[in-house]
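Q: This is the structure alone, sequence omitted:
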């Protein structure tokens, strides 16, 4: 049984071939050729998007969210403070002092 990704690639290839056939045939009446090609281009874009989503793992999708939740709750000043700490401390935690 073929994988989902190979099925999507086959679908994309079929859509691209149908678009090529319409591009090389004489124009149909009532602007049907242009309408069909526009729909095929939209379907091709959707297939490409689905193939691209297959490449991303669920962890990558979650990771692409980045710090948007933190930025919403703490604001941009929080990230400025973190950047300043990285510059002065050179990364890592500050040393603990024993008294």
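A: Great, that's in hand. If you're wondering where the values come from, they're calculated on a predicted model, not measured in any experiment.
Q: in the helix-or-strand element of the chain with minimal mean pLDDT, what counts as buried?
A: Lowest on mean pLDDT, DSSP states H and E among the helices and strands of the chain sits helix 58-63, with a mean of 73. Within helix 58-63, no residue counts as buried by 16 or more other CB atoms under 10 Å. In this view, the C-beta of every residue, glycine as well, is placed from N, C-alpha and C.
Q: mind starting the numbering at 10 from now?
A: With the count now opening at 10, the last piece we talked about shows up as helix 67-72.
Q: Starting from it, tell me the next helix or strand along the chain.
A: Next helix or strand after helix 67-72 toward the C-terminus (DSSP states H and E): helix 77-83.
Q: Now that following helix: buried residues?
A: Applying 16+ other CB under 10 Å to helix 77-83 flags no residue as buried.
Q: Stretch 37-53 too?
A: 49, 52, 53.
Q: Stretch 12-32 too?
A: So for stretch 12-32, counting by 16+ other CB under 10 Å, buried means 17, 18, 20, 21, 24, 25, 27, 28, 31.
Q: picking that back up, for the least confident helix or strand of the chain, what is the distance to the chain centroid?
A: Offset of helix 67-72 from its chain centre (CA atoms, centre = their mean, to the nearest Å): 11 Å.
Q: can you check stretch 35-53 too?
A: For stretch 35-53 - counting by CA atoms, centre = their mean - the centre lies 27 Å from the chain centre.
Q: Can you tell me what sits against whichever strand or helix holds residue 44?
A: According to DSSP H and E, residue 44 maps onto helix 41-64. For helix 41-64, the external contacting residues (CB atoms under 8 Å, 6 or more residues apart in numbering) are 13-14, 17-18, 20-21, 24-25, 27-28, 31-32, 34, 36-37.
Q: Which of these fall within helices?
A: 13, 14, 17, 18, 20, 21, 24, 25, 27, 28, 31, 32 (DSSP state H).
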